[in-house]
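> Give me coordinates for this.
(chains A, B and C)
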Amino acid sequence: MLNYLISGISLGSVYAIIALGYTMVYGIAKMLNFAHGDIIMVGGYAAFCAGTYLGWPVPLAILFSMMICTILGIVIEKLAYKPLRNATSLAVLITAIGVSYLLQNLALLIWTSNPKAFPNMVNFIPSIVLGKNSDNPITISSATIVTIAASIIIMVALTLFTGKTKMGKAMRAVSEDKGAAQLMGINVNATISVTFAIGSGLAAIAGVLLCSAYPTLMPTTGSMPGIKAFTAAVLGGIGSIPGAMLGGILLGILEKFAQAYISTQLSDAIVFAALIVVLLVKPTGLLGKKMTEKV
Amino acid sequence: MKKKLLSMILAGAMAFSLAACTSGNDTAGTENKSEPAATTETTTDAGTETADVATEGDGVLTGTLKVGMIGPLTGGAALYGNAVDNGVKIAVDEINAEAGSFQMDYNPQDDEHDAEKSVNAYNQLKDWGVQAIIGTVTTTPCIAVSAEANSDRIFMLTPSASAADVTANKDQTYQLCFSDPNQGSASAQYISENSLATKVAIIYKNDDAYSTGIYQTFKTKAAELGLDVVSETTFMDGSDTDFTVQLTAAKDAGADLVFLPMYYTPASLILSQANAMGYAPTFFGVDGMDGILGIEGFDTSLAEGVILLTPFAADATDDLTVNFVSKFEAAYGETPIQFAADGYDCAKVIYAALKFYAENNGGLNVDGMSASDLCDILIQVLSNPAFSVDGVTGEQMQWSSNGEVNKAPKGMVIQNGVYVGL
Amino acid sequence: MGNKIKILGKTNKNSLMGFINYGIIILFFVVITIVKQAGALTNALSGQLIPICAYIVMALSLNLVVGISGELSLGHAGFMSVGAFSGVIVSGAMNYGGVTNGAIRLIVAMIVGAILAGIAGVVIGIPVLRLRGDYLAIVTLAFGEIIKNVLNCLYVGVDKAGLHFSVTDEAHMDMSAEGVTLVRGPMGAVGVVKASTFLAGIILILLTLFVIQNLINSRTGRAIMAIRDNRIAAEATGINVTKYKMIAFVTSAVIAGSAGALYGLNFSTIVPKKFDFNTSILILVFVVLGGIGNLTGSIIAAALLTVLPEIFRPFQDYRMLVYAIVLILVMIATNNERLRAFWKRIGHVFRKKGGEVNEQ
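Residues are numbered from 1 along each chain as shown, chains lettered A, B, ... in the order given. Sure thing, here's the model as predicted:
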């Protein structure tokens, strides 16, 4: 029981950290960035290359990965999303899917389809073993500890950033009303670029942590966790930063419990069914803001 | 600053791909030492059918054969398709360097592991004038394509599509790999005969035809042999990262052997998570497990003691394997997995079969031959009990007329990071 | 989603567009038939004709939800899946029972597939249509995944006593020895006896156009579009929002089901995994690229985007890369404000109507 709870939290914290990036970009730019999962994959590869091929120390490798992803995020935003700033959100969604295909196939050409075993980059913290002397000792891996800590830190930092700083306030203004924000002298384009840069930098951290916890790296590594994390973000209320955290952890626990106590075959169906039930009771997710309708 | 960095990365990426390209090109001519190519030293004159094809009568194989390959070169299953493609390329280079007047014109097509795309790829190959097909690599597309090819009378030899449905009712589709029922029951038999376990747990992939196929036959055979299967758990595409629940179930049930009928990517995660849990049963894999030691950066100590039934081991010391592995490593900078070996053998089998026919029927010129005539020839040779091939995935490979290969699976155990034959 | 989608225009314009749509499809059929007779049709294209028909129908059906009803659905492949599997099962059972005529099997399969997909549409529509925007999208995605997951566990066989079902494995179907397994869980339907023809596909498209265009031009269609344009105003004028949304959603599901049956009976095997999130997205790409609410656009986009990856085969390893780049460029070229204005100026406006997107 406790065992499943811990593995659920450990999986959930990975979903949470990806969902934070999703929700951040959605909250400000009002677009579903389906390429987010693939930026995570690029982050994983960048850290892998820096750490394994170039032999850089871990902090430097993570920093390198964040830089690559931040630049990638800005470039993608400039080239693909900015020209569509005033287009329908569906057009942007499809473009994001195109970007996702593009990144996956680029990765396939650069790093080939062979999987890489990602080194655990966060083992500077020892794993905790509960009940060492009992029959069933429970291990909390270093990756889990770091992922949970990182997602909490990122959640708090993002909340403070959007709430307190000038840039954060500008972001919220853009999210509320682009036109009005522009009239107030806010550079909307720059603000959205910064949002993407932050979201992509977070994706790099998520990539390193995802791969440290589940060490197989392939060009498709990011896509399924991406969809799950998107689900988590919606469960928590998309656009809400604490919601993404809550949604991610809940989804992870739910998935593990469904597998453990109901059926490993139907666990995905059960998770999605639970999501539907939650949305029926709370149509904007657990912590989502109520939609106000203007007539 | 940004630009500099970006260009650095791009340059790095280009260097990578260039390195791969150049090393790929210069393998063709090198290493012409005694080619231990697939042998057809079966001199039995019994059953040499009357030559129904006009030939010069000198027993020589000539002409250019158009060989197509269909497999996933992009998408989630890309590593299997690319491995086969690379393996076939090595074999084609060898054949073209050796055979002189006989050449293979090779055309690989991507199917993204999708039945619809696979049929599209097949139709493209038909437009190209394909005479024989290696493929398809994955099971579901193969069932779709083999049905089409059967009605068009185009010969297919699949390197790795292992389900029984691939060959069922299709006389022109042959398998180079073991069929799933074959592997499942062979595994159960092996475990039972060697008394490897008293309690067995199974973890399989529910949305994968290969994995489920082996699982089902394993279970049936295990019940027959009285093996005690204590836990059966599964996973699927979206939930293939965390295996705590499956491993805990196996552990709680007291399983001392965990059967893993799956490919090596999820298996590597299972091994590392079992290790983290402090759970150390015997892990038993099938041919898809091969390649686990080749994952870049994989801690091979995690795979210590893993047993697998596989027809191919990259560090075997026979001439054929050494030749193939060294060429492959020189060309692609990585150790070939079993799929690559399967692809290599497929091309060699087709070559050997045509040569066999030419020798026994006074020669054969494949130029401009229709695919259906070639199909008849290849069926006739492969189902001939006098025909056998020594390849890197098995010695004395023979085929039954229903298309299944007959070769012995080798039991391997991983010790100190290498395979050791059992 | 907060975007305004322009109403299709006046009724007479609509019916004119309707005739154009029928014309395009019939022309497509005639041209292909002539080329085929002349022996100039490549195998590559002729093999894709039926999938193209199925995708066109899917795109039209999704356009009914996304364009006409204004709801984003990310799980449309789920309905296709229901139609494909029920169609394959029905066809397989009929074949076992001695009905070997392909046309009859196809028609019955399409009808059963449509009905079952329609039922799925009702079951899903009841909870889904209470939600809005992205939340509705994620719930449709969830349903698509649930359908896939459940089909992965489904085993169906047929023998003299009739159909047998199981959710565990083949052995639990309690089928007699001479029975035939039709659907084998994750391995999907194997040994499907094909029945789909190009002509059947064309007829299905025409039928779909007939249903959708008449729906749009009816009182019901106007109510649906009124809800899309302003739900609150529509509600205030006494339109039953849930009822009309349901009509659009279920009609769309029914059409998708019959497209699924057409698709399923064109291959000797289909697997549940085929109808996953990616396929749903693919169909959505057709709709968006063709122009939301624009039926002609959907037809052309579906046909072109199905053929495109095949045309790119000479690019070999770079094929999907080129496809991705083309997709992004086309989206930018057709949706960027400045470029749109530019297209207009040089008179190459393809869709003068559904055009201008107003910043709110």
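> Can you show me the helices along the chain?
I'll assume chain A. Along chain A, counting by DSSP state H, helices occupy A:2-29, A:36-48, A:58-76, A:89-111, A:142-164, A:166-176, A:178-183, A:188-213, A:223-236, A:241-257, A:267-281.
> Oops, wrong one, chain C.
With helices called from DSSP H, chain C shows them at C:11-37, C:43-63, C:76-96, C:102-128, C:133-151, C:198-216, C:219-229, C:231-236, C:241-264, C:277-290, C:295-311, C:319-335, C:337-345.
> any idea which of those is most buried?
helix C:76-96 (a mean of 28; mean count of other CB atoms under 10 Å in any protein chain shown). In short, each C-beta sits where N, CA and C put it, glycine included.
> among the helices and strands of chain C, which has the poorest mean pLDDT?
Least confident helix or strand of chain C, by mean pLDDT, DSSP states H and E, is helix C:337-345 with a mean of 77.
> can you tell me if that helix touches chain A.
Yes - shown here: helix C:337-345 in contact with chain A (CB under 8 Å from any CB of the partner chain) through C:Glu337, C:Leu339.
> mind saving the C-alpha coords of that helix as CSV?
Provided in CSV are the C-alpha atoms of helix C:337-345 (Å, rounded to 0.1, in the frame of the first residue of the first chain):
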residue,chain,number,x,y,z
GLU,C,337,-2.6,37.9,-41.1
ARG,C,338,-0.2,39.6,-43.4
LEU,C,339,0.2,36.6,-45.7
ARG,C,340,-3.5,36.3,-45.9
ALA,C,341,-3.8,39.9,-46.9
PHE,C,342,-1.1,39.3,-49.4
TRP,C,343,-2.9,36.3,-50.9
LYS,C,344,-6.0,38.4,-51.2
ARG,C,345,-4.3,41.2,-52.9
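> Specify the angle between it and helix C:319-335 in degrees.
Interaxial angle, helix C:337-345 versus helix C:319-335 (axes from the mean of the first three to the mean of the last three CA atoms, to 10 degrees): 70 degrees.
> Quick one: list the elements packing against helix C:337-345.
Using 3 or more CB pairs under 8 Å, 6 or more residues apart in numbering or on different chains; DSSP states H and E, the elements in contact with helix C:337-345 are helix C:319-335.
> what's next to the helix it packs on, contact-wise?
The contact list for helix C:319-335 (CB atoms under 8 Å, 6 or more residues apart in numbering or on different chains) reads A:80, A:83-84, A:87-88, A:91, A:94-95, A:97-99, A:101-102, A:105-106, A:109, B:74-75, B:110, B:112, C:285, C:288-289, C:308-309, C:312-313, C:315, C:339-340, C:343.
> let's go with 7 Å and repeat that
By CB atoms under 7 Å, 6 or more residues apart in numbering or on different chains, the surrounding residues in contact with helix C:319-335 are A:80, A:83-84, A:87, A:91, A:94-95, A:98-99, A:101-102, A:105-106, A:109, B:74, B:110, C:289, C:308-309, C:312-313, C:315, C:339.
> tally of neighbours for residue 247?
I'll assume chain A. A:Gly247 is flanked by 32 other residues according to other CB atoms under 10 Å in any protein chain shown.
> that's the other chain; I wanted chain B
B:Leu247 has 24 nearby residues by other CB under 10 Å.
> Tabulate the helices of chain A in JSON lines, adding columns for mean pLDDT.
Shown next, in JSON lines, are these (pLDDT from 0 to 100):
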{"stretch": "helix A:2-29", "mean pLDDT": "88"}
{"stretch": "helix A:36-48", "mean pLDDT": "95"}
{"stretch": "helix A:58-76", "mean pLDDT": "94"}
{"stretch": "helix A:89-111", "mean pLDDT": "91"}
{"stretch": "helix A:142-164", "mean pLDDT": "91"}
{"stretch": "helix A:166-176", "mean pLDDT": "90"}
{"stretch": "helix A:178-183", "mean pLDDT": "89"}
{"stretch": "helix A:188-213", "mean pLDDT": "92"}
{"stretch": "helix A:223-236", "mean pLDDT": "89"}
{"stretch": "helix A:241-257", "mean pLDDT": "93"}
{"stretch": "helix A:267-281", "mean pLDDT": "89"}
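> Could you dump the ones you listed into a markdown table and include distance to A:Lys132?
Listed next are these as a markdown table, based on distance: least, CB to CB, whole Å:
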| stretch | distance to A:Lys132 |
| --- | --- |
| helix A:2-29 | 14 |
| helix A:36-48 | 32 |
| helix A:58-76 | 28 |
| helix A:89-111 | 40 |
| helix A:142-164 | 16 |
| helix A:166-176 | 45 |
| helix A:178-183 | 56 |
| helix A:188-213 | 22 |
| helix A:223-236 | 32 |
| helix A:241-257 | 23 |
| helix A:267-281 | 30 |
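> Minimum distance to B:Ile337: which of those helices has it?
helix A:89-111 (16.5 Å; CB to CB).
> CA-only coordinates of that closest one in CSV, if you can.
Extracted C-alpha coordinates of helix A:89-111, given in CSV (Å, rounded to 0.1, in the frame of the first residue of the first chain):
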residue,chain,number,x,y,z
SER,A,89,-6.1,28.9,-31.4
LEU,A,90,-6.8,25.7,-33.4
ALA,A,91,-4.4,26.9,-36.1
VAL,A,92,-1.7,27.3,-33.5
LEU,A,93,-2.5,23.9,-32.0
ILE,A,94,-2.0,22.2,-35.4
THR,A,95,1.3,24.2,-35.9
ALA,A,96,2.4,22.9,-32.5
ILE,A,97,1.7,19.4,-33.6
GLY,A,98,3.8,20.1,-36.7
VAL,A,99,6.6,21.3,-34.5
SER,A,100,6.3,18.2,-32.4
TYR,A,101,6.7,16.0,-35.6
LEU,A,102,9.6,18.1,-36.6
LEU,A,103,11.5,17.8,-33.3
GLN,A,104,10.9,14.0,-33.2
ASN,A,105,12.2,13.5,-36.7
LEU,A,106,15.1,15.8,-36.2
ALA,A,107,16.1,13.8,-33.1
LEU,A,108,15.7,10.6,-35.0
LEU,A,109,18.2,11.9,-37.6
ILE,A,110,20.7,13.3,-35.2
TRP,A,111,20.6,10.7,-32.4
